[in-house]
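**Student:** Show me the folded form of this:
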Amino acid sequence: FQNIGIPGSELIIQDLALRKILANKNQIKYIIHVNELHLPWVNRKKIIDSSLAMLGEFDRSVSVKRLREDEYDVNWKDYSSIFIKWISYRKDIGDLILKPDKRWKESRRFKKNNTESPFAYTNIYTQSLSHFQFNDLSDCKIKTSPGSLIPEGSDRHHLDAVHKTCSLVSDTKLSLDRNEDTELFKIRLKNLYSFIKSQNIKIINIYPPVSSYLDHKDHQTRKEFWDKEFEDILSNMKLDLTDVIPEKNNSDYYYDVIHLNQKGMQIFTDSLAKSILELKI
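**Tutor:** Below is the predicted model:
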């Protein structure tokens with residue numbers, strides 16, 4: 001098995017990454033697809049800069065074809081970016097000049113992961129939400145605001161991640177209804193899954209854990225939306241792992257309000273493995 005997930009990627013990037021893997025004659029039989037339930041409502045008509053940079057790493061003719069199939073609104077500047085990878089180089093150079101400490105840390109982490117693990121990425125975060133002892137998202141934004149005292153066991157990168165995710169969840173109000181964005185997402189999800197199934201690969205859909213600081217009623221409503229609106233697309237093998245993380249001391253298992261830390265990752269991984277084995281596939 002291998003992880004071909006790309007952090008921050010849109011469906012089109014996941015599609016192209018899979019095509020590149022399959023071109024190397026990998027004998028993939030199953031895809032375990034972790035579905036972020038909010039994505040249909042934050043879908044974009046325009047391709048974003050980070051995705052443009054990634055598109056330039058794949059076969060350009062296929063990238064352009066997939067952009068059209070996924071009904072992106074693209075212009076000549078977008079096509080130019082794909083072919084000359086200008087955005088990618090600009091971002092790398094800008095980060096190197098403006099955020100050298102961040103790039104150095106990422107480089108060291110990548111080197112460490114490559115020497116200590118057979119995987120391209122593994123969760124090394126031991127910090128947790130429990131360091132901050134906040135009551136709700138509003139309290140979180142205050143206690144983790146820039147310049148706040150960093151509790152023992154945390155660091156400034158962790159403080160920043162917690163503040164950003166608390167602010168994101170607190171300040172973002174998304175629709176729950178079917179709309180133009182969800183319909184566009186459905187087209188793109190269908191394109192991805194149609195390709196996967198055309199390769200005789202079976203899909204296992206995963207609904208991932210949700211921290212106690214998120215609205216579980218909202219999450220349940222969105223899950224029901226997926227089950228209803230994408231019924232003809234999704235696999236008949238769906239695993240709901242929303243509540244696998246213990247409710248007691250729930251914040252001990254999360255790095256920020258969205259992402260698991262190493263402790264939470266272990267529970268999620270064990271639960272995922274057990275649930276897949278129970279499918280008897």
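**Student:** how about the strands in the stretch 151-281 of the chain?
**Tutor:** For the stretch 151-281 of the chain, the strands defined by DSSP state E, counting those that start in this stretch cover 202-207, 238-240.
**Student:** Which neighbouring elements make contact with the first one?
**Tutor:** On a contact count with 3 or more C-beta pairs under 8 Å, 6 or more residues apart in numbering; DSSP states H and E, strand 202-207 meets strand 30-34, helix 180-198, strand 238-240. Every residue, glycine included, has its C-beta placed from N, CA and C.
**Student:** now for the ones you listed, which one comes closest to residue 208?
**Tutor:** strand 30-34 (5.3 Å; C-beta to C-beta).
**Student:** Skip ahead from the closest one and say which helix or strand is next.
**Tutor:** For strand 30-34, the succeeding helix or strand toward the C-terminus, using DSSP states H and E, is helix 49-55.
**Student:** ok now that following helix, how far from the chain's centre?
**Tutor:** 15 Å (C-alpha atoms, centre = their mean, to the nearest Å).
**Student:** ditto for stretch 15-29
**Tutor:** 19 Å.
**Student:** now swap in stretch 63-76 and tell me
**Tutor:** 22 Å.
**Student:** can you pull the buried residues of it?
**Tutor:** 63, 64, 66, 67, 70, 72, 74 (16 or more other C-beta atoms under 10 Å).
**Student:** which residues are contacting that stretch?
**Tutor:** Contacts with stretch 63-76, where a contact means C-beta atoms under 8 Å, 6 or more residues apart in numbering, come from 11-12, 15-16, 45-47, 55-56, 78-79, 82, 184, 187-188, 191.
**Student:** so where's the chain uncertain?
**Tutor:** 85-121 (pLDDT under 70).
**Student:** For it, which segments are assigned as helices?
**Tutor:** Taking DSSP state H as the test, the helices found in the chain are 11-22, 49-55, 60-69, 76-84, 86-98, 100-116, 137-143, 156-171, 180-198, 216-229, 262-278.
**Student:** Could you verify my assumption that residue 50 touches residue 6?
**Tutor:** No. With contact defined as C-beta atoms under 8 Å, residue 50 does not reach residue 6; the gap is 9.9 Å.
**Student:** give the contact list for residue 176.
**Tutor:** 41, 218, 221, 222, 225.
**Student:** quick one: the fourth one and residue 38 touch, right?
**Tutor:** What that stands for is residue 222. Yes. Counting by C-beta under 8 Å, residue 222 does reach residue 38; the two are 6.7 Å apart.
**Student:** Which residue of those two possesses the greater neighbour count?
**Tutor:** Counted by other C-beta atoms under 10 Å, residue 222 and residue 38 do not tie: residue 222 has more neighbours, with 21 against 14.
**Student:** Return the residues in contact with the nearest residue to that one once chain neighbours are set aside.
**Tutor:** Of all residues not flanking residue 222 in the chain, residue 37 sits nearest, at 4.2 Å (C-beta to C-beta, 6 or more residues apart in numbering). Contacts for residue 37 (C-beta under 8 Å, 6+ apart) come out as 207, 219, 222, 223, 226.
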